[in-house]
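Engineer: Requesting a structural model of the entry that follows:
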Amino acid sequence: VAQGYSGLMSVTGESTESPPVKCGPPVTDIGAGILATMGVLAAYAQRLKSGQGQRVDTSLFEAGIVHTYWQSAICMATGVSPGPMGSAHPLNAPYQTFRTRDGWINVGAANQRNWERLLEVLGVPEMGSDPRFEDNHGRMDNLKPLEEELNKVFETRTTKEWLERLADVGVPSGPVLDIQEM
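Structural biologist: Take a look at the predicted model:
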């Protein structure tokens, strides 16, 4: 319920055509506990200085809002509520999950240099001169075609192979592990 009130469910999932999805972990519950702990510690520090007690208050709703920082900032700046984007980042591309031959990989090629390094590793340097993908603005405007092109390449090798290649050139990346693997 708190995830719905806080806007989290409106930005979680694959697209606006899909039903709203809650975050798997109870982020509002855990977040409220962390915020309460910070409040207790701040109140204790104040008590040590002044001898006065403090009232500490937290809520699941406010804890959910804390996790909407990107989306809230975008909404405040543009007046438009962003929707779900799957694993993609709301401001940088490609910064998301791709399918490999045997699993999934997260890639954070969020700046121009890492974009160029990624194209090098993938063996598709020509994508860098495609007008749709030349800069981050173009990549964000053409995110679906970008995802389609990159998925074709990522599916040709295993997660391990891509992680080794990406690490060699310094492109942030990592596997998507299940709970047992983690």
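Engineer: what's near enough to touch the residue nearest to residue 70 when sequence neighbours are not counted?
Structural biologist: With C-beta to C-beta, 6 or more residues apart in numbering as the measure, residue 90 is the residue that lies nearest to residue 70, at 5.0 Å, once sequence neighbours are left out. (Each C-beta comes from the backbone N, C-alpha and C, glycine too.) The contact partners of residue 90, by C-beta atoms under 8 Å, 6 or more residues apart in numbering, come to 70-71, 74, 82.
Engineer: Can I get the buried part of those residues as one PyMOL selection?
Structural biologist: Buried subset of the contacts of residue 90, written as a PyMOL selection, criterion 16 or more other C-beta atoms under 10 Å:
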select buried, resi 71+74+82
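Engineer: Can you tell me which of the contacts of residue 90 is closest to residue 46?
Structural biologist: residue 70 (31.6 Å; C-beta to C-beta).
Engineer: Using the three-state scheme, assign that closest one.
Structural biologist: Here residue 70 is recorded as helix under DSSP: H, G, I helix; E, B strand; the rest coil.
Engineer: Who are the contact partners of it?
Structural biologist: The neighbourhood of residue 70, defined by C-beta under 8 Å, 6+ apart, consists of 89-91.
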